[in-house]
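Asker: just coords:
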């Protein structure tokens, strides 16, 4: 695959996102044709169709936009700072912590007390439970040890998934089902306030991440080289790690574990944009958002009225497209040199 | 330009440099030599703040480096290292990374000035025609030139080089060192260079420091430092030192065990 200029990539990525959003709003079990969708929204009357579009489909699209984008830029940031293409937002155990939090919430029946916010809240607390020790265990006199974080993170991930299995073993069928569904991830979130808070945080983080683009470019040569180029790597690593954790934590706590987006989108986009994080961050955000909205559309329409967990679709679709691209690339490309 | 005062430093518990004093003047071409593990690289790393002093200080143009911001240091000192980038990056992009120390806080894109400087230094190092090629596709010599170009893009006053000629044939060894020498003589760039090859060090450097087990053994001109007794003692190898017939600089020749035995038998 050849590198493309930003003049082609940026419009293409925007178009992809727009196409995914339009497809998403126009498809579903209610069978509203696209033309009807437009007139319904323009008329803005409280018809049942308007309700379906604005209260069921639109929140999912906004949530897909925010979460897809958040996971993608978290992936870009982590792969860049760890200089490891296999790192993704979930490698560090943040998702495992969130799953544990959510599972505990379900078996302790906390969501009967706070029906709307108990699950996301305990998911977020669960991910904080992983992030904080991860961060503080690997601080050595102001130096953040990257390899240490990676290893501790993977172990945290194992521990929390073992604990989730433990909860499985002792929970009843009904609870088991809720936990499994939460873990597999879904963009169904009826609470507009939560969606808007998430979207606001994600957009702020996206802009903040641009300020780190030159830093990430320097870091991708290695920490010592980044110091040679005048980067305060210790400060930058801490800020980047916390930003990636925040993005992952809030996404996971609202939607459950939607795998592969944060791993595959940065990889795929890097083949088109090259190493430069100024391009990589923007295009990854757009492609990630579009990809997740698109996968969610498939998840809820392919065998409707039954809805599949969107994580299943991102895994199958993302994984196969990626293997295909990789195989084609290796067929034509020179050896060596890819992050 | 760079002054090291009573520097003791190392990694964690392990002390590598013991009480080192050294001063490199403006416009000097200064070489660091010594056996493996004698502290050459650590000394260079202390000059870029990668290693913090446990005792003593490193001064840059009279200012203690610990009082300088990292970006300030990067605008004055550029490092030509050996760490080949693992990412897919073109030569032009790589050289442009040398402009990062000059980015302002709210700047995402390089200014025209940055691009112009990158083009100029690629011209100076003779890799302009390779701008669009990937670093991973370049030969060892060209990679080294790209590193030097990136260093020059930082518009430094001091260029630090860590064995820029290892793995290179003599054509490229001479090409790289001649280039660095030209920059030193014409642009007034201060050069501090680690060299393994004693003869290259002798030929190109104005002054040398010979390191031995974390301490300075000798400082001076090549003729002062490279006498056979000192070399034999520090490197624990039998050598013969003669002057290069053209440059009159000392040339160090290794004596092999076979020849040594033969000579011993004859005497």
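Answerer: Here it is on my side, so go on. All values reported here derive from a predicted model rather than from experimental measurement.
Asker: can we go C-alpha only for contacts and neighbour counts from here?
Answerer: Will do.
Asker: In chain A, what residue lies closest to chain B?
Answerer: Nearest residue of chain A to chain B, counting by Cα to the nearest Cα: residue A:230, 3.9 Å away.
Asker: does that residue sit in a helix, a strand or a coil?
Answerer: State at residue A:230, reduced to three classes by DSSP: H, G, I helix; E, B strand; the rest coil: coil.
Asker: Next one, pLDDT for it please.
Answerer: Listed pLDDT for residue A:230 reads 91.
Asker: Could I get the phi/psi values of it?
Answerer: Main-chain torsions, residue A:230, degrees, to the nearest 10: phi 80, psi 20.
Asker: Hmm, it is touching residue B:73, no?
Answerer: Yes. Counting by Cα atoms under 8 Å, residue A:230 does reach residue B:73; the two are 6.8 Å apart.
Asker: of the two, who's got more company?
Answerer: residue A:230 (27 against 22; other Cα atoms under 10 Å in any protein chain shown).
Asker: ok now do that one, which residues does it touch?
Answerer: Listed by Cα atoms under 8 Å, 6 or more residues apart in numbering or on different chains, the contact set of residue A:230 reads B:70-75, B:100-101.
Asker: Could you list every helix and strand that the helix or strand bottoming out on mean pLDDT in chain B packs against?
Answerer: Within chain B, no helix or strand scores below helix B:257-266, which has a mean of 84 by mean pLDDT, DSSP states H and E. Counting contacts by 3 or more Cα pairs under 8 Å, 6 or more residues apart in numbering or on different chains; DSSP states H and E, helix B:257-266 is packed against no other helix or strand.
Asker: coming back round to it: from the contacts of residue A:230, list just the buried residues.
Answerer: When the contacts of residue A:230 are checked for burial by 16 or more other Cα atoms under 10 Å in any protein chain shown, the buried set is B:70-71, B:73-75, B:100-101.
Asker: Identify those among the contacts of residue A:230 that sit within helices.
Answerer: Among those, DSSP state H puts B:70-75 in helices.
Asker: With distance to residue B:110 added, can I get those residues in a markdown table?
Answerer: Below are those laid out as a markdown table (distance: Cα to Cα, whole Å):
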| residue | distance to residue B:110 |
| --- | --- |
| B:70 | 20 |
| B:71 | 16 |
| B:72 | 18 |
| B:73 | 20 |
| B:74 | 17 |
| B:75 | 16 |
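Asker: near chain A too, which of these?
Answerer: With Cα under 8 Å from any Cα of the partner chain as the criterion, those include B:70-75 near chain A.
Asker: Identify, from the contacts of residue A:230, the entry nearest to residue A:313.
Answerer: residue B:100 (40.6 Å; Cα to Cα).
Asker: The spatially closest residue to the closest one that is not a sequence neighbour - how many residues pack around it?
Answerer: Spatially, and ignoring its direct neighbours in sequence, residue B:100 is nearest to residue A:229 (6.3 Å; Cα to Cα, 6 or more residues apart in numbering or on different chains). Close neighbours of residue A:229, defined as other Cα under 10 Å, add up to 30.
Asker: ranges for the helices of the stretch 101-250 of chain B?
Answerer: Using DSSP state H, counting those that start in this stretch, the helices of the stretch 101-250 of chain B run over B:112-124, B:140-153, B:170-186, B:198-204, B:222-225, B:228-235.
Asker: Let me know the closest of the buried ones among the contacts of residue A:230 to chain A.
Answerer: The closest of the buried ones among the contacts of residue A:230 to chain A turns out to be residue B:71 (Cα to the nearest Cα; 3.9 Å).
Asker: Would you confirm that that closest one contacts residue A:233?
Answerer: No. When contacts are counted by Cα under 8 Å, residue B:71 is not listed as touching residue A:233 (11.0 Å).
Asker: Compute the number of surrounding residues for residue A:78.
Answerer: Neighbours of residue A:78 (other Cα under 10 Å): 28.
Asker: Look at it and report its pLDDT.
Answerer: At residue A:78, the pLDDT value in this model is 91.
Asker: now do residue A:24
Answerer: So residue A:24 comes in at 89 (pLDDT).
Asker: With the one 3 residues further on instead?
Answerer: As summarised for this prediction, residue A:27 has a pLDDT of 82.
Asker: quick one on the thing from earlier: buried stuff in the least confident helix or strand of chain B?
Answerer: For helix B:257-266, it's none, nothing buried (16+ other Cα under 10 Å).
Asker: pretty sure residue B:216 contacts residue B:20?
Answerer: Yes. In this structure residue B:216 lies within contact range of residue B:20 using Cα under 8 Å: 6.5 Å.
Asker: burial measure for residue 43, as a count.
Answerer: As the question left the chain open, I've gone with chain A. Neighbours of residue A:43 under the rule other Cα under 10 Å: 11.
Asker: Can you look at chain B instead?
Answerer: For residue B:43, the neighbour count with other Cα under 10 Å is 26.
Asker: How about it: what's its closest non-neighbour residue?
Answerer: Ranked by Cα to Cα, 6+ apart and with sequence neighbours excluded, the top spatial neighbour of residue B:43 is residue B:17, at 7.5 Å.
Asker: Low-confidence ranges, the chain, go.
Answerer: Using chain A. A:1-2, A:29-31, A:141, A:330-339 (pLDDT under 70).
Asker: sorry, should have said chain B
Answerer: Ranges of chain B meeting pLDDT under 70: B:267.
Asker: residues making contact with stretch B:30-37?
Answerer: With contacts defined as Cα under 8 Å, 6+ apart, stretch B:30-37 is touched by B:24, B:40, B:191-196, B:198, B:201, B:205-214, B:234-235.
Asker: hmm, try it at 6 Å
Answerer: Applying Cα atoms under 6 Å, 6 or more residues apart in numbering or on different chains, the contact partners of stretch B:30-37 are B:191-195, B:205-211.
Asker: What is the end-to-end distance of it?
Answerer: The straight-line separation of the ends of stretch B:30-37 (Cα to Cα, to the nearest Å) is 19 Å.
Asker: List the buried residues of it.
Answerer: Within stretch B:30-37, the residues scored as buried using 16+ other Cα under 10 Å are B:30-35.
Asker: Among the residues you listed, name the ones in strands.
Answerer: Mapping the buried residues of stretch B:30-37 onto strands (DSSP state E) picks out B:30-33.
Asker: what about residue B:78, is that helix, strand or coil?
Answerer: Per three-state DSSP, residue B:78 ends up strand.
Asker: can you tell me how far it sits from residue B:181?
Answerer: Separation of residue B:78 from residue B:181 (Cα to Cα): 16 Å.
Asker: More neighbours: those two, which one.
Answerer: Higher neighbour count among residue B:78 and residue B:181: residue B:78, with 28 against 19, using other Cα under 10 Å.
Asker: The more buried one bridge partners, please.
Answerer: Beta-bridge partners for residue B:78, by DSSP bridges, are residue B:159.
Asker: ok, now which ones touch it?
Answerer: For residue B:78, the contacting residues are B:151, B:156, B:159, by Cα under 6 Å, 6+ apart.
Asker: tally of neighbours for residue B:41?
Answerer: For residue B:41, using other Cα under 10 Å, the count is 18.
Asker: Which residue is the nearest non-sequential neighbour of it?
Answerer: residue B:162 (7.1 Å).
Asker: Residue A:210 too?
Answerer: Leaving out its chain neighbours, the residue that sits closest to residue A:210 by Cα to Cα, 6+ apart is residue A:278, at 6.5 Å.
Asker: which SSE is the one you found in?
Answerer: Following DSSP states H and E, one finds residue A:278 within helix A:277-301.
Asker: Outside of that helix itself, list whatever touches it.
Answerer: Identification of contacts with helix A:277-301 by Cα under 6 Å, 6+ apart yields A:13, A:17, A:20, A:24, A:28, A:61, A:64-65, A:68-69, A:72, A:213, A:265-266, A:269, A:307-308, A:310, A:313-314.
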